[in-house]
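J.: no sequence on this one, just coordinates:
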């Protein structure tokens, strides 16, 4: 079994959505002074690789601790979409085979950004038509290689379409080092009660365990 | 494939080590006012289910992002040790079959505590002799059902013995609902650069994927 880490590394230099500065580390104990290291940290719940729960945008949507983890584990197909310059439409997704219950990972030109680059306002997003197409295909999760999956839509149609279709949303994946193909995804968000999102660690597995 | 969540749920009521009050949530946006929910959170890096990296107690130890995830995934044997009242010694572990590379999960009377109970100063820990025994057996990780694996030892022999033997330490597991037996563990800590520990989500899998 080979493990491929596709998580966005978190530090106080990590790119944050719209360059908000929410990440803060505090050294509570240091090795030189205390013989032990101990830290605390603060961040936005949408930091780095994270899962959006339906309650992020739906009034009565499930919170992150209510989401079934089986929607964040399983067969994942990684689509390579390097030439898309704005947003991924339904048409862009035609021609890719996907089955009910698949997890779809979208690798775009976003993957060229370093994890500490300034926030890219024009990141490549998923168009509402693309979200509708994925809902029709009954996939169970979608992941993208930037800190958001939607850009500049005051109605948040992409998020809402996915959430209403019970498609889990994984934002902030690092996919630049991964080939297009089929994998087994494991994405585990922290178990935080009542929150609308949580940071997660995400890995791809190949081969037998 | 059945997924058993063994993570300690995090809220602002969650039990914290020595009743430190480090967990704090802030609502940045609310559904009623903003049409979207958004939160930030602060906590100690040893909150809830978490992995201790060697740099917690070793001067030149690896940090959490440097740990190989294959040490936190694989065959796990859950030992049921309900009658131990103080700490788990080498003798207590005799008679349990364990192979090189196994992950050993210790379920003790600690599992009776609720995840929001006041901190239990007399929690059941792993005695240094038990840590030495696990090191001799060349297991790759050990997990325990409380927020610490060691209690009241100013020399921190249990932690240091495990870390020097490259045994990953998982603290804060919830094991009360799990039967003794063999599982496939996946424990994924957040990918935080340079930290001595990180919160994690941990699950047990049974059956085929």
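T.: Sure, I can see it. Model, not experiment: these values are computed from the prediction.
J.: show me the contacts for the nearest residue to residue A:157 once chain neighbours are set aside.
T.: Closest residue in space to residue A:157, ignoring its immediate chain neighbours: residue A:128 at 3.9 Å, by CB to CB, 6 or more residues apart in numbering or on different chains. Every residue, glycine included, has its C-beta placed from N, CA and C. Residues in contact with residue A:128 (CB atoms under 8 Å, 6 or more residues apart in numbering or on different chains) are A:153, A:157-158, A:161.
J.: okay, and for chain A, where does confidence drop off?
T.: A:208-209 (pLDDT under 70).
J.: what residue is smack in the middle of it?
T.: Using CA atoms, centre = their mean, the residue of chain A that lies closest to the mean C-alpha position is residue A:171, 2.0 Å off.
J.: doesn't residue A:144 make contact with it?
T.: Yes: at 6.1 Å, residue A:171 counts as touching residue A:144 under the criterion of CB atoms under 8 Å.
J.: how close does residue A:2 sit to residue B:166?
T.: Separation of residue A:2 from residue B:166 (CB to CB, to the nearest Å): 20 Å.
J.: over to residue A:9?
T.: Distance of residue A:9 to residue B:166, given as CB to CB: 22 Å.
J.: more neighbours: which of those two?
T.: Neighbour tally, residue A:9 and residue B:166, criterion other CB atoms under 10 Å in any protein chain shown: the higher count belongs to residue A:9, 18 against 15.
J.: list the contacts of the more buried one.
T.: Residues near residue A:9 by CB under 8 Å, 6+ apart: A:48, A:115, A:174, B:65, B:191-193.
J.: which residues of chain A fall in strands?
T.: With DSSP state E, the ranges of strands along chain A come out as A:2-5, A:24-29, A:38-44, A:50-52, A:73-81, A:87-88, A:103-108, A:125-126, A:141-144, A:168-171, A:181-189, A:197-206.
J.: okay, now the nearest residue to residue A:201 once chain neighbours are set aside: neighbour count?
T.: Distances taken as CB to CB, 6+ apart put residue B:188 closest to residue A:201, at 3.6 Å, once the chain neighbours are dropped. Residue B:188 has 25 neighbouring residues, counting by other CB under 10 Å.
J.: bridged to residue B:188, which residues?
T.: Going by DSSP bridges, residue B:188 is paired in beta bridges with residue B:201.
J.: if I read this right, it contacts residue B:72, doesn't it?
T.: Yes: contact criterion CB under 8 Å: residue B:188 and residue B:72 qualify, at 7.0 Å.
J.: which neighbours do those two share?
T.: Shared contacts of residue B:188 and residue B:72, counting by CB under 8 Å, 6+ apart, come down to residue B:200.
J.: now do the contacts for residue A:160.
T.: Here residue A:160 is in contact with A:57-58 (CB under 8 Å, 6+ apart).
J.: and residue A:143, how many neighbours?
T.: Residue A:143: 26 neighbours (other CB under 10 Å).
J.: need the contact list for it.
T.: A:76, A:103-106, A:169-171, A:173, A:185, A:187, A:202 are the contacts of residue A:143 under CB under 8 Å, 6+ apart.
J.: which of those sit farthest apart?
T.: A:76 and A:171 (15.2 Å; CB to CB).
J.: give me the distance between the residue lying closest to residue A:62 once chain neighbours are set aside and chain B.
T.: Of all residues not flanking residue A:62 in the chain, residue A:54 sits nearest, at 4.8 Å (CB to CB, 6+ apart). Remark: distance between residue A:54 and chain B (CB to the nearest CB, to the nearest Å) = 10 Å.
J.: so residue A:54 sits against residue A:68, correct?
T.: No: at 11.8 Å, residue A:54 does not count as touching residue A:68 under the criterion of CB under 8 Å.
J.: looking at those two, which has the bigger crowd around it?
T.: Taking other CB under 10 Å, residue A:54 and residue A:68 do not tie; residue A:54 has more neighbours (24 against 13).
J.: list the contacts for that one?
T.: Contacts of residue A:54 (CB under 8 Å, 6+ apart): A:61-62, A:67, A:163, A:166.
J.: now do residue A:61
T.: A:53-55, A:163, A:196.
J.: tell me the one of those nearest chain B?
T.: residue A:196 (4.0 Å; CB to the nearest CB).
J.: contacting residues for that closest one?
T.: So, once contact is read as CB under 8 Å, 6+ apart, residue A:196 ends up touching A:45, A:52-53, A:55-56, A:61, A:63-64, B:37-39.
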